[in-house]
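Chemist: What follows is a protein structure lacking sequence information:
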């Protein structure tokens with residue numbers, strides 16, 4: 001599984017940025033969760049909600065207009081907010 005391989009390549013700490021898409025959905029799966037301590041920055045609200053239960057993660061969501069198709073925050077508010085995340 002691609003998501004498991006991605007998790008295996010992550011360092012023990014740092015920042016992970018997740019967009020919306022099939023890989024992000026794969027990273028949400030139980031067998032793809034790593035043990036590192038990460039800050040996760042995402043515009044993907046379902047992923048943020050799912051990952052919020054992981055004690056080793058700090059979850060930051062980006063503001064914006066929520067798209068129905070992807071449940072992702074988009075628009076002019078999203079990009080500038082990402083620049084100011086203090087992890």
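Modeler: Ah, there it is. Every value quoted in this text rests on a predicted model; they were computed, and no experiment measured them.
Chemist: what secondary structure does the residue lying farthest from the centre of the chain sit in?
Modeler: Most distant residue from the mean C-alpha position of the chain: residue 76, 19.2 Å away (C-alpha atoms, centre = their mean). What DSSP: H, G, I helix; E, B strand; the rest coil gives for residue 76 is coil.
Chemist: Now it. Nearest residue, chain neighbours left out?
Modeler: Excluding the flanking residues, the one nearest residue 76 by C-beta to C-beta, 6 or more residues apart in numbering is residue 64, at 8.0 Å. Yep, even glycine has a C-beta here, placed from its N, CA and C like the rest.
Chemist: Surely the one you found touches residue 73?
Modeler: Yes. Between residue 64 and residue 73 a contact is recorded at 3.4 Å, counting by C-beta atoms under 8 Å.
Chemist: ok, the two, which is more surrounded?
Modeler: When neighbours are counted by other C-beta atoms under 10 Å, residue 64 and residue 73 differ, and residue 73 comes out ahead with 21 against 16.
Chemist: Can you name every helix or strand that the one helix or strand that one maps to contacts?
Modeler: Using DSSP states H and E, residue 73 sits within strand 73-74. Under the contact definition 3 or more C-beta pairs under 8 Å, 6 or more residues apart in numbering; DSSP states H and E, strand 73-74 sits against strand 65-66.
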